[in-house]
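Chemist: Sequence and computational prediction follow.
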Amino acid sequence: MSLNCNEINKILEELNINGYFIQDIIQPGYDTIAFYVYGNGEAKTVLVCTAQNSCRINETRRKIIKNDKPLRFMEFLRSRIKGSKIVSTKQIGQQRIIQINLAHGDESFIIYIRLWSNAANVIVCDVHNNILDTMFRRPAKGEISGGTFSIPEENPVKKEWPIRDFSEISEEYKKSHPDAPELSFNQKVDIWYGEHAQNLSRESLLVQAEKWFNSTHSRMSAALEKLEKKQSDFENANQMKHYGDLILSFSYLLNKNSNFLECEDYESGKTVRILVDPKKNAQENATEYYEKYKKALTGAESLKHDIEIARKKIEKVEKMYQEMKNEKNPVRIEQLLRKDTTPKQQKKKEHPGLDYTVNGWYILVGRDANENDELLRHHVRGADMWFHVRDFPGGYVFVKNRPGKTIPLDILLDAANLAVYYSKARNAGKTDLYYTHVKYLRRAKNGPKGLVIPTQEKNLCITPDKERLRRLDSIRQENEL
């Protein structure tokens, strides 16, 4: 249940923050914001909540948990409102809209806090009610930057809204704090919503968490099961090699009119039937089985790596769900859910391409001309090292500089292998590369996007190392967990 107009007036009367300065602003979630104010030799934390059925403003002494990433509205408030002096605070009639007038240097602002259960919002305007920004942007209502905030007309019918006494809160508090002074209305509101509304919110969030866990865990477990089944299929790799040996040993039994070679297995002494292509000779049929054997060996090694990563992802989900169940603060649960349920396409990357952190060294990889150009323009500096294959188009690889450190050979080889892998030379075998500091790169005049001409470059010749690439891929995926 949200605060009514008379309860809001009582809250504001007790707060009495006119003349206070806004020292800091924290937004722990999309629907909650806290103003840290100071004046008359004391500090207060004013909490504003716009959650449905829990709309309120009150002083709180609870710890406000910061969001993992700063939210848009908080960053706006910090840039424009932080440091302002609160000139006046009042409720507009019985409308549950609080008007806070602010002065910040030569500028003046108005913050409207509308505490309506289904349309709550925090709106920042200039003195002419032109909207600068809002907690919730609602274009249909004109509540967006550049819009105008209109104060709704007062209902001529006045209602007597009772002020709750929260007697149960007072009684419980007296039992646990017999010598403490009487609770203020702000304190009662803070305790009641902190317990009653919090439990409702926490229960709702835990239901969401359970649905997320069941869905995510089921999907990941099914993917792991497929990988393990594929791995069991590859366990017959040695059988493929053995069939190739048998075909060569009993080549004289091949029949151009039969799809099978029937012979005695010299290891088991049993008669076996091996599928063959009658159009091919013994050497060609055996080669096919040897190729299957090599492919199975390579696939089994890759699958081992994929299975390990899949198991780690499942462990992470199980750990996060357990953390949600043990967490008492609903804001933290909401933060954990939001962190892991944001669609990948909505998660902003700090840079294009791929990145790897190996033994403290940070490696960036561009995979096409656009990524190469973006990395060059905005994400690398002159002292960083650049790698590229010779005579083949491909991605740029950068190793970020560490002051006072020389890039070790192992990191050079990691970067070189990545440069070869993300180029047209991937299957060319032994490959030449060159590398130099970014400050020695010169853009090709009138050349295509991202094309550079290096100077003072050094040469490097490698044969791609599949094991090294597999290790790097494992590192990258583990970093993403």
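Modeler: On my side now, so go ahead.
Chemist: what does the average pLDDT come to for stretch 455-469?
Modeler: Taken as a whole, stretch 455-469 carries a mean pLDDT of 90.
Chemist: Going by neighbour count, which residues of that stretch are buried?
Modeler: Across stretch 455-469, burial judged by 16 or more other Cβ atoms under 10 Å covers Glu457, Leu460, Ile462, Pro464, Asp465, Arg468. The C-beta positions use only the backbone N, C-alpha and C, and glycine is treated the same way.
Chemist: Next, format these as JSON lines and append secondary structure.
Modeler: What follows is those, written out as JSON lines (DSSP: H, G, I helix; E, B strand; the rest coil):
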{"residue": "Glu457", "secondary structure": "coil"}
{"residue": "Leu460", "secondary structure": "strand"}
{"residue": "Ile462", "secondary structure": "strand"}
{"residue": "Pro464", "secondary structure": "coil"}
{"residue": "Asp465", "secondary structure": "coil"}
{"residue": "Arg468", "secondary structure": "helix"}
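Chemist: Reformat the residues you listed as a markdown table; add distance to Lys63.
Modeler: Shown next, in a markdown table, are the buried residues of stretch 455-469 (distance: Cβ to Cβ, whole Å):
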| residue | distance to Lys63 |
| --- | --- |
| Glu457 | 55 |
| Leu460 | 54 |
| Ile462 | 54 |
| Pro464 | 53 |
| Asp465 | 51 |
| Arg468 | 47 |
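Chemist: which among those gets closest to Asn18?
Modeler: Distance to Asn18 across these (Cβ to Cβ) is lowest for Arg468, with 66.5 Å.
Chemist: In contact with that closest one: list those residues for me.
Modeler: Shown in contact with Arg468 (Cβ atoms under 8 Å, 6 or more residues apart in numbering): Leu413, Asp414, Asn417.
Chemist: Filter these down to just the ones in helices.
Modeler: In this view, those that belong to helices under DSSP state H are Leu413, Asp414, Asn417.
Chemist: out of the buried residues of stretch 455-469, which one sits closest to Asp68?
Modeler: Nearest to Asp68 out of the buried residues of stretch 455-469 is Arg468 (Cβ to Cβ; 33.5 Å).
Chemist: From Cys461, how far out is that closest one?
Modeler: Separation of Arg468 from Cys461 (Cβ to Cβ, to the nearest Å) stands at 15 Å.
Chemist: Repeat that for Arg471.
Modeler: Computed as Cβ to Cβ, the Arg471 to Cys461 distance reads 21 Å.
Chemist: The protein - how does it break down into domains?
Modeler: 5-141, 184-253+281-345, 349-480 (automatic domain parsing).
Chemist: I'd like to know which elements the worst-scoring helix or strand of the chain on mean pLDDT is packed against.
Modeler: Lowest on mean pLDDT, DSSP states H and E among the helices and strands of the chain sits helix 330-341, with a mean of 73. The contact analysis (3 or more Cβ pairs under 8 Å, 6 or more residues apart in numbering; DSSP states H and E) places helix 330-341 against strand 21-29, helix 198-234, helix 282-326.
Chemist: Just name the most buried of those.
Modeler: The highest mean neighbour count among the helices and strands packed on helix 330-341 belongs to strand 21-29 (a mean of 19), with neighbours defined as mean count of other Cβ atoms under 10 Å.
Chemist: where are the low-confidence patches of the stretch 251-400 of the chain?
Modeler: The stretch 251-400 of the chain contains residues with pLDDT under 70 at 298-302, 305, 339-350.
Chemist: rerun that using 80 as the cut-off
Modeler: Where the stretch 251-400 of the chain drops to pLDDT under 80, the residues are 295-306, 309, 328-332, 334-335, 338-351.
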